[in-house]
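>>> Task: produce atomic coordinates for the following.
(one chain, ligands or ions: 2)
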Amino acid sequence: MADESQRGEGLPEDVMTDDCMTTYTHLYSPDLLKDNVAFITGGGSGIGFRIAEVFMRHGCDVVIASRNLERLTEAADKLTKATGRRCLALAVDVRQPDTINAAVDQTLQELGRIDILINNAAGNFLCPASSLSFNAFKTVLEIDTMGTYNTSKVVYDKWLKDHGGAIVNISATLGYRGQALQVHAGSAKAANDAMTKHLAVEWGPNGVRVNTVAPGPISGTEGYRRLGGPHAENAGMFSSIPLQRAGNKTEMAHAVLFLSSRAASYVTGSILVADGGAWLTSANDVHRLLGLWSSEMKRDKK
Ligand code: HXC
Ligand code: NAP
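Ligands and ions are numbered 1, 2, ... in the order given. From the prediction side, this is the model:
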């Protein structure tokens with residue numbers, strides 16, 4: 001097994017919290033997205049925050065849109081201070097088309113265009129199907145799948161249809177092998193992967209590319225914490241991943257940057273799995289995950 005120094009390329013910088021990086025090394029041209037505007041759902045935290053930062057470090061202005069306006073405003077301040085680009089914080093619930101309509105109108109008024117849409121907002125938790133309520137399943141489908149469709153449709157109708165651009169959806173590999181305790185999110189993301197292809201076909205003639213990035217376990221994120229990432233890491237389980245580790249948020253931002261930019265000008269309808277090979281080899285052990293879930297339930301009840 002290779003040790004850190006033998007693994008070839010160095011990893012891109014990242015920080016574990018929702019803060020900007022203290023140093024950043026450009027791998028792409030710093031003006032790759034110069035004067036573009038990106039609309040990023042869920043851009044106030046986790047992977048979405050880092051996508052916003054990396055886009056801004058490549059000359060892009062961004063909108064970060066989600067439910068918690070206080071957290072978004074704080075994030076927008078940090079992003080503007082670190083990069084010198086504009087960042088608008090807008091309250092949106094992707095389940096409610098009216099809120100998306102209002103945010104997209106405000107974006108077009110204040111920033112004048114939308115070149116890139118990142119559908120990153122999602123909700124998830126570990127839960128066996130037998131304990132999942134009807135409303136819990138519906139809630140995750142509404143955020144992940146309806147939310148992606150709602151936002152794509154509003155941005156397309158109001159701007160992309162006439163000007164072209166790029167959409168990148170943030171998916172997951174959960175459905176590829178029927179990940180235990182993940183029927184809700186796995187089903188939602190599988191629907192989004194199909195949506196990527198349908199919209200790529202229908203909107204390609206209007207100059208709109210539609211692609212997906214499917215991350216694996218990404219450290220320093222809510223998803224990682226909720227799905228037992230720290231537990232798996234401490235138990236040495238990442239040694240079964242071909243690349244032997246979790247990914248970082250900047251690595252995800254770089255994959256999204258590629259698909260959003262003119263570097264991918266002939267790429268549409270594709271799903272880029274950025275998971276270190278994890279889905280091919282990781283355990284899908286229903287008993288281990290049930291144990292983790294029930295110990296979390298007991299802890300929460302105390
Ligand atoms: C079982 C749960 C639950 C849990 C909520 N519910 N949490 N069921 N286990 N842990 C149930 C509730 O009881 C309710 O059903 C229904 O779900 C809706 O819950 P609400 O709290 O009313 O919904 P809402 O306020 O809209 O919040 C949505 C949420 C919440 C998804 C439940 O956790 C959220 O806002 N999450 C956003 C942040 C997030 O999840 N980040 C991680 C993304 S990571 P009843 O029947 O009681 O009414 C990710 C990783 C993918 O997607 C892959 C990783 C490898
Ligand atoms: P996160 O920080 O919790 O990101 C989810 C974001 O979605 C939050 O900013 C949240 O903001 C927003 N959101 C949730 N419900 C919303 C709604 N109804 N309307 C608008 N915004 C909403 O988690 P993350 O781990 O970085 O996940 C980001 C993306 O990566 C998700 O699509 C996830 O499925 C995917 N992913 C993550 C991992 C991982 O290891 N972390 C692995 C595979 C895939 P508000 O609370 O302010 O609304």
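
>>> Just the CA trace of stretch 79-88, in CSV.
The C-alpha coordinates for stretch 79-88 follow below in CSV (Å, rounded to 0.1, in the frame of the first residue of the first chain):
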residue,chain,number,x,y,z
LEU,A,79,-16.5,34.7,0.4
THR,A,80,-16.4,38.3,-0.7
LYS,A,81,-13.6,39.2,1.7
ALA,A,82,-11.5,36.2,0.6
THR,A,83,-11.9,36.6,-3.1
GLY,A,84,-13.0,40.2,-3.9
ARG,A,85,-15.9,39.0,-6.1
ARG,A,86,-19.6,39.6,-5.6
CYS,A,87,-21.7,37.1,-3.6
LEU,A,88,-25.4,37.5,-3.2
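
>>> Name the surrounding residues that touch that stretch.
Residues external to stretch 79-88 that are found in contact with it (CB atoms under 8 Å, 6 or more residues apart in numbering): 20-21, 49, 52-53, 56-57, 59-64, 75-76, 106-107, 110-111. C-beta: built from backbone N, CA, C; applies to glycine.

>>> starting at the chain centroid, how far to that stretch?
Counting by CA atoms, centre = their mean, to the nearest Å, stretch 79-88 is centred 20 Å from the centre of its parent chain.

>>> got the buried residues for it?
79-80, 82-83, 85-88 (16 or more other CB atoms under 10 Å).

>>> And those residues, which two are furthest apart?
Greatest spatial distance among the buried residues of stretch 79-88 (CB to CB): Ala82 and Leu88, at 15.8 Å.

>>> just to revisit the earlier point, weed out the non-buried ones from the contacts of stretch 79-88.
20-21, 49, 52-53, 56-57, 59-64, 75-76, 107, 111.

>>> what about Ile64, is that helix, strand or coil?
Classification of Ile64 using DSSP: H, G, I helix; E, B strand; the rest coil returns strand.

>>> quick one: it from Tyr28, how far?
21 Å (CB to CB, to the nearest Å).
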